[in-house]
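**Student:** can you look at this prediction? I've put the sequence above it.
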Amino acid sequence: MNLLHLKYAAEVARTRSITLAAENLYMGQPRLSRAIKELEDSLGITIFKRTSKGIVPTPEGEIFLSHAGRILEEVREVETLYNPSAKDKQRMNISIPRAGYLAHALKQLVGELDLTKQIEINYRETNSLKAINNILQNNYNLGIIRYAKEYEPYFDRFLSEKGLRSEVIWEFDPIVLFSAEHILADKEDLTFSDLVDCDCVRLGHGDPYVPSLPLAEVRKGEFDEAIDKHIYIYERASGYELLSTIPTTFLLTSPMPENILKRYNFVQRRLKGFNRPYVDLLIWRENYKFSELDHAFIREIKRVRDKVARRVGE
């Protein structure tokens with residue numbers, strides 16, 4: 001086993017495909033397959049299995065890939081330490097939920113970057129499972145995951161098992177977001193019954209995740225059966241487009257910055273009597289050392305959060 005084997009396995013895990021991984025690694029597929037088989041034989045485990053969704057890690061493979069990711073990250077840190085050009089690079093890898101306040105914080109951060117230095121930022125909007133896996137397997141340094149507070153024990157246990165540390169970024173009551181043209185836009189004391197009675201279409205992210213719970217059970221909690229019209233989306237842009245152009249749609253989400261409300265002509269309203277707080281949780285590997293850019297982004301997130309929270313009265 002050597003560093004190349006670790007890189008090969010990490011790329012297969014990232015792409016879930018021997019073919020794509022081989023292309024990205026600039027090598028032939030048979031050679032990569034042989035290298036993975038040699039690695040598995042040397043370790044005495046099966047790292048990957050083939051499924052209808054592609055090549056995925058086995059339980060033993062997940063443990064190996066977690067260790068491999070940490071080793072590769074440490075190697076990169078050593079290379080950065082002794083590479084003058086890399087040392088000045090402003091680099092950050094983070095996975096986050098689809099949240100307007102986080103996107104606004106990124107915009108503020110980028111506007112303050114030193115443009116005389118190299119910049120490499122990977123900012124991926126995704127669900128909680130993929131954010132966790134990006135840290136464990138895909139060499140991401142940070143993640144922010146979102147879940148209903150009632151599921152906190154499941155996440156606490158899961159993150160502890162994976163050796164991840166955490167810090168609460170925001171615990172919030174979700175707001176209802178819709179177009180200023182929506183029939184309920186002028187209603188201040190909005191209730192869930194109002195949304196049901198107006199025959200509205202609820203937009204929701206279609207890939208909720210809670211450790212140890214089946215997707216059907218999580219979705220049942222996410223989407224009340226009283227509303228029978230749902231459109232599942234997987235990124236913010238589609239949601240904003242639908243909200244802007246289909247005035248019967250609404251989205252339950254984290255409180256939004258004022259600039260996004262003005263840009264898209266949105267209105268946000270508190271949902272009276274809705275008692276289901278959510279948590280945005282920052283996660284990272286136990287041995288990870290935060291960079292200056294990481295710290296700067298987290299400070300900006302908290303600054304934006306506090307400003308938005310004051311506006312909505314949290």
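**Tutor:** Perfect, I can see it now. Numbers count the residues shown, from 1 in each chain.

**Student:** I'd guessed Leu282 sits against Trp170; true?
**Tutor:** No. The criterion here is Cβ atoms under 8 Å, and Leu282 misses it with Trp170 at 9.7 Å. Placement of C-beta: from N, CA and C, glycine included.

**Student:** torsion angles phi and psi at the closest residue to Thr191 other than its chain neighbours?
**Tutor:** Spatial nearest neighbour of Thr191, excluding adjacent residues (Cβ to Cβ, 6 or more residues apart in numbering): Lys272 at 5.0 Å. Per-residue torsions, Lys272: phi -60, psi 130 (degrees, to the nearest 10).

**Student:** now Asn138
**Tutor:** phi -110, psi 20.

**Student:** so what's it scoring on pLDDT?
**Tutor:** We have a pLDDT of 76 for Asn138.

**Student:** what's around it, how many residues?
**Tutor:** Residues contacting Asn138 under the criterion other Cβ atoms under 10 Å number 19.

**Student:** repeat that for Ile246.
**Tutor:** 16.

**Student:** cool, Arg157 as well?
**Tutor:** Neighbour count of Arg157, defined by other Cβ under 10 Å: 12.

**Student:** so what's it up against?
**Tutor:** Contacts of Arg157 were listed using Cβ atoms under 8 Å, 6 or more residues apart in numbering, and they are Pro211.

**Student:** what do you get for the one 10 residues further on?
**Tutor:** Residues in contact with Glu167 (Cβ under 8 Å, 6+ apart) are Leu281, Leu282.

**Student:** in a strand, it, correct?
**Tutor:** Yes. Membership of Glu167 in a strand is supported by DSSP: H, G, I helix; E, B strand; the rest coil.

**Student:** what's the pLDDT at Leu113?
**Tutor:** Per-residue confidence at Leu113 stands at 86 (pLDDT).

**Student:** Leu282 and Trp170: who's more crowded?
**Tutor:** Shown here are Leu282 and Trp170; by other Cβ under 10 Å, Trp170 has more neighbours (23 against 19).

**Student:** wait, doesn't that one sit right on Pro277?
**Tutor:** No. In this structure, Trp170 is not within contact of Pro277 by Cβ under 8 Å, at 10.0 Å.

**Student:** which SS class is Tyr140?
**Tutor:** Three-state call for Tyr140 (three-state DSSP): coil.

**Student:** do you know how far it is from Ile96?
**Tutor:** From Tyr140 over to Ile96 the distance is 10 Å, taken as Cβ to Cβ, to the nearest Å.

**Student:** pull up the overlap in contacts between those two.
**Tutor:** Arg124, Ala131.

**Student:** wouldn't the residue nearest to Thr191 be in contact with Lys187 here?
**Tutor:** No. Using Cβ under 8 Å, Lys272 is not in contact with Lys187, being 10.0 Å away.

**Student:** am I right that Ser244 is in a helix?
**Tutor:** Yes. Assigned with three-state DSSP, Ser244 falls within a helix.

**Student:** helix, strand, or coil at the nearest residue to Val12 once chain neighbours are set aside?
**Tutor:** Among residues not flanking Val12 along the chain, Ala21 sits closest, at 4.5 Å (Cβ to Cβ, 6+ apart). Put simply, Ala21 is helix when judged by three-state DSSP.

**Student:** what's the answer for Leu282, then?
**Tutor:** Counting by three-state DSSP, the backbone at Leu282 sits in strand.

**Student:** cool, and Leu213?
**Tutor:** Following three-state DSSP, Leu213 is assigned to coil.

**Student:** any idea how far it lies from Arg98?
**Tutor:** Relative to Arg98, Leu213 is positioned 21 Å away (Cβ to Cβ).

**Student:** what about Leu115, how many residues nearby?
**Tutor:** Neighbour tally, Leu115, other Cβ under 10 Å: 8.

**Student:** tell me if it really is in a helix.
**Tutor:** No. When three-state DSSP is applied, Leu115 is found to be coil, with no helix at that position.

**Student:** now stretch 27-43: buried residues?
**Tutor:** Residues Leu32, Ser33, Ala35, Ile36, Leu39, Glu40 are the ones in stretch 27-43 that count as buried (16 or more other Cβ atoms under 10 Å).

**Student:** filter the residues you listed down to the ones in helices?
**Tutor:** Counting by DSSP state H, the buried residues of stretch 27-43 place Leu32, Ser33, Ala35, Ile36, Leu39, Glu40 in helices.
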